[in-house]
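> coords please:
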Amino acid sequence: MDEDFGTIRIKRFVSVQDVGRIMNEKTARSQIIGGVIYGLGSALMEATEYDKRWANPVTRHLGDYHVPVQLDVPEIDVHFIGKPDLHISPIGARGIGEIGITGVAAAVANAVFNATGKRIRDLPLTPDKLLS
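Numbers count the residues shown, from 1 in each chain. Just a heads-up that it's a prediction; the model follows:
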């Protein structure tokens, strides 16, 4: 974190998933990486702003909505436990769709707390919240 500007930069993110038997390592890893990137965006930059007078959304399209780009994405390490879950299916595999997002924002908020001592419970974690 840059203390002067209140900006947060994630240098590395590690995700360990217990999602049953992995059928295709490459696509499973890509699903988790996508979820982590989505979680980092929601934790650090994605927000819909509303007009204070009429309560209409001001951010109406992606030109106004800040999402992570390549330079915002850190090194992401993904590891799988790989233990089959036979309660879910006979082969022990589960769908992992968006499970990668679970806990990302909380992990980032806790890392910010460890670095700054400031507990922020409102996403996204923007500089104005860190500096106030």
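
> low-confidence bits of this structure, can you list those?
Residues of the chain meeting the criterion pLDDT under 70: 1-2.

> please enumerate the strands of it.
12-17, 75-80 (DSSP state E).

> tell me how far the last one lies from the chain's centre.
When you say that, I think you mean strand 75-80. Here strand 75-80 is found 13 Å from its chain centre; the criterion is C-alpha atoms, centre = their mean, to the nearest Å.

> coming back round to it: what would the strands of the chain look like in a markdown table with distance to residue 40 and mean neighbour count?
Any C-beta I mention is one placed from the backbone N, CA and C, and that applies to glycine too. Listed next are the strands of the chain as a markdown table, based on distance: least, C-beta to C-beta, whole Å; neighbours: other C-beta atoms under 10 Å:
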| stretch | distance to residue 40 | mean neighbour count |
| --- | --- | --- |
| strand 12-17 | 7 | 15 |
| strand 75-80 | 9 | 15 |
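
> spatially central residue in the protein, please.
residue 39 (1.7 Å; C-alpha atoms, centre = their mean).

> my guess is that one contacts residue 104. True?
Yes: contact criterion C-beta atoms under 8 Å: residue 39 and residue 104 qualify, at 2.6 Å.

> and residue 122, how far from residue 129?
7 Å (C-beta to C-beta, to the nearest Å).

> what about those two, which has more around it?
Between residue 122 and residue 129, residue 129 has the larger neighbour count (other C-beta atoms under 10 Å), namely 15 against 9.

> show me where this protein has helices.
Listed in chain order, the helices of the chain (DSSP state H) span residues 25-44, 104-116, 127-131.

> what comes up buried for the shortest one?
Neighbour counts using 16 or more other C-beta atoms under 10 Å place residue 130 of helix 127-131 among the buried residues.

> quick one: distance of it to the chain centre.
Using C-alpha atoms, centre = their mean, the offset of helix 127-131 from its chain centre is 19 Å.

> which residues touch that helix?
Residues outside helix 127-131 that contact it (C-beta atoms under 8 Å, 6 or more residues apart in numbering): 1, 5, 6, 7, 8, 112, 116, 118, 120, 122.
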